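**Student:** model this:
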Amino acid sequence: MIKAAPPLIQAKDLCKSYFNEELETKVLFDINLTIEKGEFISIMGPSGSGKSTLMHILGFLDHITSGAYLFHGEPTRKMTDDELARIRATRVSFVFQAFNLLPRTSVRQNVLLPLLYHPTITVEERGKRVEDAIATVGLNDRIDYLSSQLSGGQKQRVAIARALVTQPEVIFADEPTGNLDSHSGIQVMAALQRLHEEGHTIILVTHESSTAEHAQRIIHLRDGRVTEDSRSFKRRIAHASSFLK
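**Tutor:** From the prediction side, this is the model:
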């Protein structure tokens, strides 16, 4: 019998606290969560609910205080600093609300940046990786523009291309439409949906229900606890419609 592969991500009784001298501030409480490869997840909650902290832990930017976080079935608390750095460089990527682009640098150069630190992608591969990632977000005609010459929506699509260029297993998006008008926000979410349809795992953090509804599942956090984990309304409608055809 072939043994089933473990889930991509598992959190078991995961807790997180921050410490300042003798003061403990508890942020996450007993988080139990399983995310399979290829899912599109929204983590939703009001400001201060712990959603960004949870994303930072799942993306190897922060550490748990207690409980367990398993990546491909491997406990992350046992991983060395070098192993964690390699995962951050090769297996996960981030899209942030503020874009974090270099303003006087071209689209091509911004997207190339993560490959300069990648341990296995050769110099010969880099050019094609960059062009493919930019084509995926539909910005071929802006490839040599400076990022300062782009609209907000275009900047965020460049940030998505930069996250995609290492071909990560998981793309984390932290409030990716927070600085955008509604039209640009729709374009950015369409780009993330296309990536999901191509097989990428997307974990999206947002406080906006209209943005969260693009995902398959919505995980609601409040006061550091999971209060609901359910299929999004749009996906429920699509699922129900499939039985009527």
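**Student:** by mean pLDDT, flag the weakest helix or strand of this structure.
**Tutor:** helix 233-242 (a mean of 50; mean pLDDT, DSSP states H and E).
**Student:** quick check: closest non-adjacent residue to Glu228.
**Tutor:** When the adjacent residues along the chain are set aside, Glu228 lies closest to His220, with 4.1 Å between them (CB to CB, 6 or more residues apart in numbering). (Each C-beta comes from the backbone N, C-alpha and C, glycine too.)
**Student:** what is the burial count for that neighbour?
**Tutor:** 18 (other CB atoms under 10 Å).
**Student:** mind checking how far it is from Gly45?
**Tutor:** 6 Å (CB to CB, to the nearest Å).
**Student:** tell me which residues are up against stretch 128-138.
**Tutor:** Residues outside stretch 128-138 that contact it (CB atoms under 8 Å, 6 or more residues apart in numbering): 107-108, 111-112, 115, 121, 140, 142-143, 157-158, 160-162, 164-167, 191, 194-195.
**Student:** in a strand, Arg157, correct?
**Tutor:** No - applying DSSP: H, G, I helix; E, B strand; the rest coil, one finds Arg157 to be helix, outside a strand.
**Student:** stretch 144-156: how far from the chain's middle?
**Tutor:** Centroid displacement of stretch 144-156 relative to its chain, using CA atoms, centre = their mean, to the nearest Å, is 21 Å.
**Student:** list the buried residues of it.
**Tutor:** By neighbour count on 16 or more other CB atoms under 10 Å, the buried set for stretch 144-156 is 146-147, 150, 153-156.
**Student:** residue contacts, the residue nearest the centre of the chain?
**Tutor:** Closest to where the C-alpha atoms of the chain average out (CA atoms, centre = their mean) is Phe172, at 0.8 Å. With contact taken as CB under 8 Å, 6+ apart, Phe172 is in contact with 55, 58-59, 92-95, 203-205.
**Student:** helix or strand for it, just tell me which one.
**Tutor:** Using DSSP states H and E, Phe172 maps to strand 170-174.
**Student:** elements contacting the very next helix or strand once past that strand?
**Tutor:** The first helix or strand that comes after strand 170-174 along the chain, using DSSP H and E, is helix 182-197. When contacts are defined as 3 or more CB pairs under 8 Å, 6 or more residues apart in numbering; DSSP states H and E, helix 182-197 packs onto strand 40-44, helix 123-136, helix 152-164, strand 170-174, strand 201-206.
**Student:** show me the contact partners of helix 182-197.
**Tutor:** 38, 40, 136-138, 151-153, 156-157, 160, 164, 171, 173, 176-177, 180, 202, 204, 211, 214.
**Student:** mind giving me the ChimeraX command for buried ones among the residues you listed?
**Tutor:** To isolate in ChimeraX the members of these that are buried, counting by 16+ other CB under 10 Å, one can use:
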select :40,136,137,153,156,157,160,164,171,173,176,177,180,202,204,211,214
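**Student:** what bridges to Arg217?
**Tutor:** Beta bridges link Arg217 to Ile41, Arg231, judged by DSSP bridges.
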